[in-house]
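Student: My questions are about this predicted structure, shown below with the sequence.
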Amino acid sequence: QAHVVAQSNVPGTYGDFTIDANGAWSYTGNGAHNELTAGQQVQDQFTVTSQDGTASGTVTVTITGTNDAATVSSDSKAVTEGDIASALNTSGQLTIVDPDTGEAHVVAQTNVHGTYGDFTIDANGGWSYTGNGAHDELTAGQQVQDQFTVTSQDGTASGTVMVTITGTNDAATVSSDSKAVTEGDTAAALNTSGQLSITDPDTGEAHVVAQSNVHGTYGDFAVDANGAWSYTGNGAHNELTAGQQ
């Protein structure tokens with residue numbers, strides 16, 4: 001009679017095979033097998049024998065992989081501005097998951113320029129950030145960010161690396177000044193003025209504390225926030241003898 005030897009749940013690599021005596025067969029997958037990459041082909045093959053043992057045939061199941069979606073983590077680091085570029089340096093590691101075998105990678109990038117530093121990442125997700133300057137222009141507590149996008153090797157996912165930089169109060173410098181006047185018959189003879197030089201790396205902080213009508217012994221002193229100062233005599237001070245200073 002025209003029959004084959006029945007088989008039930010014969011395990012293959014990717015699924016199980018069953019065939020009845022009349023030759024009707026079925027194949028049941030034993031998993032999603034997302035480890036197969038896009039276009040990759042694998043096979044399960046099963047031999048079927050006639051009931052009388054005089055003939056055999058083969059059932060072949062070919063499985064073609066697809067591009068399964070990857071995931072890429074994000075990362076953030078915080079650094080504090082110092083007096084040197086290397087104070088901004090930091091690094092980290094992204095986590096990359098891809099069911100497709102051998103594709104748990106990201107697109108490598110080298111020396112991608114941000115505003116405050118340069119970003120590099122290797123295919124395995126190891127990244128580094130190198131400051132491109134001290135950035136002393138940041139004021140105390142001011143926060144700025146550089147942000148970079150990282151894409152999985154297969155293009156199905158992306159993550160973000162963010163570096164937050166916090167400014168500090170960098171030391172200012174203020175010049176000194178001196179003027180000489182000669183006592184005359186009026187208070188105005190003692191009047192004089194000048195300009196101080198103020199330097200501060202922190203943006204917008206090159207100022208001094210303004211003062212108004214600060215009383216000295218012989219006159220009053222005033223200085224504005226920009227360092228322009230004046231001295232106004234408070235009397236003729238004729239009591240000073242010739243050459244007395």
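Tutor: Okay, I see it.
Student: tell me the contacts of the most centrally placed residue in the chain?
Tutor: What sits nearest the mean C-alpha location of the chain, by C-alpha atoms, centre = their mean, is M162, with 2.7 Å. In this structure, M162 makes contact with 74-77, 145-148, judged by C-beta atoms under 8 Å, 6 or more residues apart in numbering. The way it works is simple: take the backbone N, C-alpha and C, and place the C-beta from them, glycine included.
Student: Which of the residues you listed fall within strands?
Tutor: 75-77, 145-148 (DSSP state E).
Student: quick one: which helix or strand includes V59?
Tutor: Counting by DSSP states H and E, the element that carries V59 is strand 56-64.
Student: whoops, G31 was the one
Tutor: Going by DSSP H and E, G31 is not part of any helix or strand.
Student: Run a quick neighbour tally on it.
Tutor: By other C-beta atoms under 10 Å, 8 other residues sit near G31.
Student: how deep is G204 tucked in, by neighbour count?
Tutor: For G204, which is what you asked about, the neighbour count (other C-beta under 10 Å) is 8.
Student: Quick check: the gap between K77 and D185.
Tutor: Here the criterion is C-beta to C-beta, to the nearest Å. By it, K77 lies 70 Å from D185.
Student: now swap in T13 and tell me
Tutor: Looking at T13 against D185, where the rule is C-beta to C-beta, the gap reads 113 Å.
Student: quick one: which of the two has more around it?
Tutor: Looking at T13 and D185 with other C-beta under 10 Å, you find the greater number of neighbours at T13, namely 12 against 8.
Student: partners of the strand or helix carrying D220 in the sheet?
Tutor: Secondary structure from DSSP H and E places D220 in strand 219-223. Within its sheet, and counting by DSSP bridges, strand 219-223 is paired with strand 211-215 (antiparallel), strand 228-233 (antiparallel).
Student: What lies in contact with it?
Tutor: Counting contacts by C-beta under 8 Å, 6+ apart, the residues outside strand 219-223 that touch it are 187, 190-191, 196, 208, 210-214, 229-234.
Student: Filter those down to the buried ones.
Tutor: With burial judged by 16 or more other C-beta atoms under 10 Å, the buried subset of these is 187, 190, 208, 229, 231-233.
Student: farthest-separated two in those residues?
Tutor: Every pair in the buried ones among the contacts of strand 219-223 was compared (C-beta to C-beta); the two farthest apart turn out to be A187 and V208, at 25.8 Å.
Student: how does this protein divide into domains?
Tutor: For the chain, the domain assignment from automatic domain parsing gives the residue ranges 7-64, 71-166, 173-233.
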